[in-house]
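S.K.: Here's a sequence, model it:
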Amino acid sequence: MLGLLIVAGVVVGSAYAGQRWLAERSAAVHKPWFAAYVDVTASPRFAFEQLGATANREAVLSFVVALPQADCTPSWGGAYTMAQANASLDLDRRIERLRQQDGDVAVSFGGLKNSELAVSCTDPTKLKAAYASVINQYDISTIDLDLEQSGLTDAEAGARRATAIAKLQAERRAAGKPLAVWVTLPATPQGLSEDGTNAVAQLLAKGVDLAGVNVMTMDYGQSLEKGQSMQTASEKALTGVQRQLGVLYQRAGIQLSSATLWSKIGATPMIGQNDEAEEVLTPEDAKGLNAFASSHKLGRMSMWSANRDLECSGNYVDVKVVSDSCSGVKQGKGDYAASLSTGFNGSLSQNAGVVTSPDATAAAQKPDDPATSPYQIWSTAGAYLQGTKVVWHHNVYSAKWWTQGDLPDNPVLQAWQTPWELVGPVLPGEKPVPQLTLPAGTYPDWAGTTPYNTGDRVLFSGVPYQAKWWNTGASPAAASSNADSSPWVPLTQAQINEVGTAR
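M.R.: Numbers count the residues shown, from 1 in each chain. Sure thing, here's the model as predicted:
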């Protein structure tokens, strides 16, 4: 479907180990979509069927959880079985009304409250049947696994979930029915927690073909740096998750391109006032986040929630207390949906059949070129101070602390495990940035007749260099063109108009 090869012979319950795949989706196939979450059981009831009269006709209905009195029975918010939701909420009819207007729905399992099905239902057969009953009830092609609390931390529940979803997806595909599976996870500005990466790894190991990872760009708490905007924190979170997802696929034996990884990322901000009193996603933040998501070609944009996309009335006194039915900021009705959805014109149905496809003819990556790189090419022998920027595999990295010999793209999952922070790709047309110069006398000027020991520092045309090994007569000028063989490494790289000193 959509011009992609469908992976034949899906082996359920087995890892992808041993396969080195390069999956690349063409621009023509990429159909990023927007769908706001709708809290089905919230009061006052949100008329999601009326979205059919707007520009954004799709919704992610939430949340399906285990019925408290019957662990393997799916329910809406623990309050309504599927039959009760049809009778009391007219849910089935409202979904069909939205579809009459060219809209559609996905269903989200889990959420912050109540018990996700895999946590409560320990019978694998009944669990698979529970998921299937919801999918069949509403004839949906996209599901969302919102993993929080025990739904995220319970490893045994995670294994049951992954096995059930893998079997369900394989059976549906064999019957010609697509099933896109998104996993929604909390994050910090550094990316996913260890529980989050474990959850993704479990799904991949069991053979689930993930449509993507949807990042909750919200409620950062103590991980939010002082003065950091929600837009900036969210962009950092998405960048971190994109890197982590590449590592997770690598470990599963699947090599994905950077572009494909971005298309497997979704973003879901909490509009307006977040649960954390000091966190507010402003309308300006929403526009900025959309611009970032569009430029990186994320596969999905959502928001929590359509119920809240309007200004609170004057009767709502304390807007710092989160409301289920308004945003807590000044806005027009539907403003957040309009801002976040710009450029996300695809649909659930267009993307439901997308399958991660193998390509055994991966082209070798061209080496980094100093003439087209804004910063020095990373060298294994180089010593890099905090703040130093380097280029490695066509990406720019910044050193978080002094480092030597640490690969910038070392496949670690957590940000604290590497001294390098990914800044972004080298852009077309870039040239080397002039290096930071220091005042005369900061270090001795380099002299061709002087012998230098490891660690000695000199100035060469005002640029500070450090000796990697004993040398004499080797000009630091060669360090930029042949960093590996040069005995010299510049101590720092300058940003444009940056002023600083080497330490």
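
S.K.: farthest residue from the center of the chain?
M.R.: Using CA atoms, centre = their mean, the residue of the chain lying farthest from its centre is residue 449. It sits 53.1 Å away.

S.K.: for the strand or helix carrying residue 284, which positions count as buried?
M.R.: Applying DSSP states H and E as the criterion places residue 284 in helix 283-295. For helix 283-295, burial by neighbour count (16 or more other CB atoms under 10 Å) applies to 283, 285, 286, 287, 288, 289, 290, 292, 293. C-betas here are computed from N, CA, C, even on glycine.

S.K.: what's the following helix or strand after that helix?
M.R.: strand 300-301.

S.K.: got the CA positions of whichever helix or strand comes after that following strand in CSV?
M.R.: From strand 300-301 onward toward the C-terminus, using DSSP H and E, the following helix or strand is helix 335-341. Extracted in CSV, the C-alpha atoms of helix 335-341 (Å, rounded to 0.1, in the frame of the first residue of the first chain):
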residue,chain,number,x,y,z
ASP,A,335,-6.9,28.1,17.9
TYR,A,336,-4.5,25.4,19.1
ALA,A,337,-5.8,22.8,16.6
ALA,A,338,-5.4,25.3,13.8
SER,A,339,-1.8,26.1,14.8
LEU,A,340,-0.7,22.6,15.5
SER,A,341,-2.3,21.0,12.5
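
S.K.: tell me the mean pLDDT for the next helix-or-strand element following helix 335-341?
M.R.: Moving toward the C-terminus from helix 335-341, the next helix or strand (DSSP H and E) is helix 348-352. Averaging pLDDT along helix 348-352 yields 95.

S.K.: same for the host helix or strand of residue 156, what does it pack against?
M.R.: Per DSSP H and E: residue 156 is located in helix 155-174. The helices and strands touching helix 155-174, judged by 3 or more CB pairs under 8 Å, 6 or more residues apart in numbering; DSSP states H and E, are helix 117-120, helix 124-138, strand 142-146, helix 150-153, helix 194-205.

S.K.: Okay, now the sheet partners of the third one, with direction.
M.R.: In this case it means strand 142-146. Strand 142-146 has the following strand partners under DSSP bridges: strand 104-110 (parallel), strand 180-186 (parallel).

S.K.: Which strands and helices lie in contact with the biggest helix by length in the chain?
M.R.: Criterion DSSP state H: the longest helix present in the chain is helix 230-251. The contact analysis (3+ CB pairs under 8 Å, 6+ apart) places helix 230-251 against helix 194-205, strand 210-217, strand 254-256, helix 258-263, strand 265-269, strand 280-281, helix 283-295, strand 420-425.

S.K.: distance between it and the chain's centre?
M.R.: In terms of CA atoms, centre = their mean, to the nearest Å, the centre of helix 230-251 is set 4 Å apart from its chain centre.

S.K.: May I ask you to confirm that residue 77 is in contact with residue 63?
M.R.: Yes - contact status for residue 77 versus residue 63: in contact at 6.2 Å, counting by CB atoms under 8 Å.

S.K.: Neighbours of residue 57, how many?
M.R.: Neighbours of residue 57 under the rule other CB atoms under 10 Å: 21.

S.K.: Which residues are in contact with it?
M.R.: 51, 98, 101, 102, 103, 104 (CB atoms under 8 Å, 6 or more residues apart in numbering).

S.K.: and the third one, how far is that from residue 93?
M.R.: If I follow you right, that is residue 101. Per CB to CB, to the nearest Å, residue 101 is found 13 Å from residue 93.

S.K.: Which residue of those two possesses the greater neighbour count?
M.R.: Neighbour count, other CB under 10 Å: between residue 101 and residue 93, residue 101 has more, with 14 against 11.

S.K.: The more buried one: what's its closest spatial neighbour, skipping adjacent residues?
M.R.: Nearest residue to residue 101, sequence neighbours excluded (CB to CB, 6 or more residues apart in numbering): residue 52, at 2.7 Å.

S.K.: pLDDT score assigned to that neighbour?
M.R.: 96.

S.K.: if we can go back for a sec, and of the helices and strands packed on helix 155-174, who's closest to residue 313?
M.R.: strand 142-146 (29.0 Å; CB to CB).
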